[in-house]
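J.: Provided below are the primary sequence and the corresponding predicted coordinates.
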Amino acid sequence: MSIKVLFADDSVTVQKVAELAFEGEDVTLTSVDSGDKVIERLKESKPDVVIADISLPGMNGLDLCEWIKKNENYSTKLFLIPLFS
């Protein structure tokens, strides 16, 4: 069973590094470049894990974490925010 990961970073380079990091693993990776797109994709793809940069355009990583926590449809998601940007 593949783990669905939603990865959010506004850097195409960082997105490519994430793709390489998960290559060969049992992971389906979807990358987006803004916090607002995370919300859209959450509704569409229902990922198991969200990994988001703290400094995203639109809704930032911390705001996303709060939004997910308050929204009962998504509140059980594992959410990771890298400390680098």
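T.: Structure received.
J.: what's the host helix or strand of residue 21 packed up against?
T.: Using DSSP states H and E, residue 21 sits in helix 12-22. Helix 12-22 sits against strand 3-8, strand 27-32, with contacts defined as 3 or more Cβ pairs under 8 Å, 6 or more residues apart in numbering; DSSP states H and E. Using the backbone N, CA and C atoms, a C-beta is placed for each residue, glycine as well.
J.: quick one, it and strand 27-32 angle?
T.: In terms of direction (axes from the mean of the first three to the mean of the last three Cα atoms, to 10 degrees), helix 12-22 departs from strand 27-32 by 170 degrees.
J.: any idea of the mean pLDDT for helix 12-22?
T.: If you average the pLDDT over helix 12-22, you get 95.
J.: How about stretch 57-73?
T.: 87.
J.: next one: stretch 30-45
T.: Stretch 30-45 comes out with an average pLDDT of 92.
J.: CA atoms of that stretch as CSV?
T.: Only the C-alpha atoms of stretch 30-45 are listed here, as CSV (Å, rounded to 0.1, in the frame of the first residue of the first chain):
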residue,chain,number,x,y,z
THR,A,30,2.4,15.2,-5.0
SER,A,31,4.2,18.5,-5.0
VAL,A,32,2.7,22.0,-4.8
ASP,A,33,4.2,25.5,-4.6
SER,A,34,1.9,27.4,-2.2
GLY,A,35,-0.1,26.9,1.0
ASP,A,36,-3.3,27.6,-0.8
LYS,A,37,-2.7,24.7,-3.2
VAL,A,38,-2.1,22.4,-0.2
ILE,A,39,-5.7,23.1,0.8
GLU,A,40,-7.0,22.3,-2.7
ARG,A,41,-5.0,19.1,-2.9
LEU,A,42,-6.0,18.0,0.6
LYS,A,43,-9.6,18.0,-0.6
GLU,A,44,-8.8,16.1,-3.9
SER,A,45,-6.1,13.6,-3.0
